[in-house]
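Trainee: this is a predicted model, with the sequence first.
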Amino acid sequence: MNTKTNTLRMYHRKDHVLNAEAIASGALQRANNPGESMTTKQINYEFRERLNRILGGFSHNYCYQCGACVADCPTHRFLPEFSPRTIILEAMYGLEEDLIGHDSLIWNCTNCYNCYERCPQEVHPIEVIIALKNMSRQLSLHKPSVDNIINRVAEKGVTVAQTELVNRRRNDLNLPAFEPECIDEIRLLFEQGEKEKSKPDRSE
C-alpha cells in the first residue's frame with residue numbers, strides 16, 4: 001500500500017482524534033485558545049468533506065507535515081505566522097474559522113508556487129490554499145480588498161492597476177503599451193462562474 005493511501009485512510013477514520021504533537025509539534029499554537037491543550041483536537045470532518053469537493057482541496061489529505069513547503073515560502077520569511085504547513089494541518093483538523101474566517105492568513109499567500117514544486121508528497125499546498133480562498137469568497141468571508149482585485153480582473157483582465165507610472169516605466173523599457181487580451185473570454189468565465197454558484201449542491 002502506498003504512502004498516500006495510508007495517509008488518506010488514517011485521516012478519514014471518523015472516530016480518530018489526531019495527535020498534533022505527533023504530526024507537527026507546536027504547529028497549532030496560534031489555532032488553540034490560551035490554556036487549551038495542544039495534545040488533541042477533534043477533527044471537523046464536515047468542513048473537510050466540503051473542502052474535498054472544491055477543486056484542489058482534496059490533496060490536503062496526503063500531507064505528512066514534513067515542512068518542505070515552509071522552507072522556501074517567501075511570505076513565511078517576512079511574516080513568520082504564515083505557514084503553509086500550519087494551514088494544511090488546520091485543514092486536516094477542519095478548523096473552519098481559522099482557515100476561511102475574516103482574519104484568515106490565507107490571503108497573505110503570494111501564489112508563488114514554490115510549495116507546489118517543493119512538496120515531496122504532491123500535496124500542492126498552494127492549490128489547497130486557493131480552494132480555501134474560493135470557499136471564503138463563496139461565503140462572503142473574504143477581505144474587502146479581494147473584491148477590488150476580482151472587479152479589476154473582470155473589467156480589465158489584470159490583477160494590478162495600470163497606473164501612469166507603470167505606463168511610463170513600460171515606455172522607458174521600450175515595451176509596447178499594455179492591452180488586455182482575451183477580455184471577452186475572461187468575462188465569459190465570470191458569467192459561467194455565476195451560473196455555477198446558483199446551482200444547488202447535489203453532493204449535500
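Mentor: Alright, I've got the coordinates. Numbers count the residues shown, from 1 in each chain.

Trainee: have a look at this structure and report its longest helix.
Mentor: In the chain, ranked by residue count with DSSP state H as the criterion, the top helix is helix 183-198.

Trainee: gap between it and the chain center?
Mentor: The offset between the C-alpha centroid of helix 183-198 and the centroid of the whole chain comes to 21 Å, using CA atoms, centre = their mean, to the nearest Å.

Trainee: ok, now which ones touch the residue most central in space within the chain?
Mentor: Centre of the chain computed as the mean C-alpha position; nearest residue by CA atoms, centre = their mean is Ile129, 0.9 Å away. Shown here is Ile129, whose contacts under the criterion CB atoms under 8 Å, 6 or more residues apart in numbering are 84, 87, 106, 109. C-beta here means a position set from N, CA and C on the backbone, and glycine is covered the same way.

Trainee: what's the separation between it and Gly157?
Mentor: Using CB to CB, to the nearest Å, one gets 23 Å for the distance from Ile129 to Gly157.

Trainee: again with Gly67
Mentor: Look at Gly67 and Gly157: by CB to CB, they are 37 Å apart.

Trainee: okay, these two: which has more neighbours?
Mentor: More crowded of Gly67 and Gly157, by other CB atoms under 10 Å: Gly157, with 17 against 13.

Trainee: ok, now which ones touch that one?
Mentor: 180-183, 186.

Trainee: one more time with 10 Å
Mentor: Under the criterion of CB atoms under 10 Å, 6 or more residues apart in numbering, the neighbours of Gly157 are 178-187.

Trainee: now Cys73
Mentor: Residues touching Cys73, when contacts are defined by CB under 10 Å, 6+ apart, comprise 79, 82-85, 109-110, 112, 114-115, 118, 125-126.

Trainee: this structure: strands as residue ranges?
Mentor: In chain order, the chain shows strands spanning 17-19, 40-42, with DSSP state E as the criterion.

Trainee: what's the neighbour count on Ile126?
Mentor: Residues lying near Ile126 (other CB under 10 Å) number 22.

Trainee: then Arg53?
Mentor: Arg53 - counted by other CB under 10 Å - has 13 other residues nearby.

Trainee: quick check: it touching Phe47?
Mentor: No. Using CB atoms under 10 Å, Arg53 is not in contact with Phe47; the gap is 11.1 Å.

Trainee: any weak-confidence spans in this protein?
Mentor: 1-41, 197-204 (pLDDT under 70).

Trainee: domain ranges for it?
Mentor: Domain assignment for the chain, taken from automatic domain parsing, gives 3-138, 144-198.

Trainee: let me know which of the ones you listed is tucked in deepest.
Mentor: domain 3-138 (a mean of 17; mean count of other CB atoms under 10 Å).

Trainee: about what we covered before: redo the contacts of Ile129 as a markdown table? Include distance to Ile43.
Mentor: Rendered in a markdown table, the data for the contacts of Ile129 read as follows (distance: CB to CB, whole Å):
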| residue | distance to Ile43 |
| --- | --- |
| Pro84 | 20 |
| Ile87 | 16 |
| Ile106 | 19 |
| Cys109 | 24 |
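
Trainee: farthest-apart pair in these, please.
Mentor: Of all pairs drawn from the contacts of Ile129, the greatest distance, 9.7 Å, lies between Pro84 and Ile106 (CB to CB).
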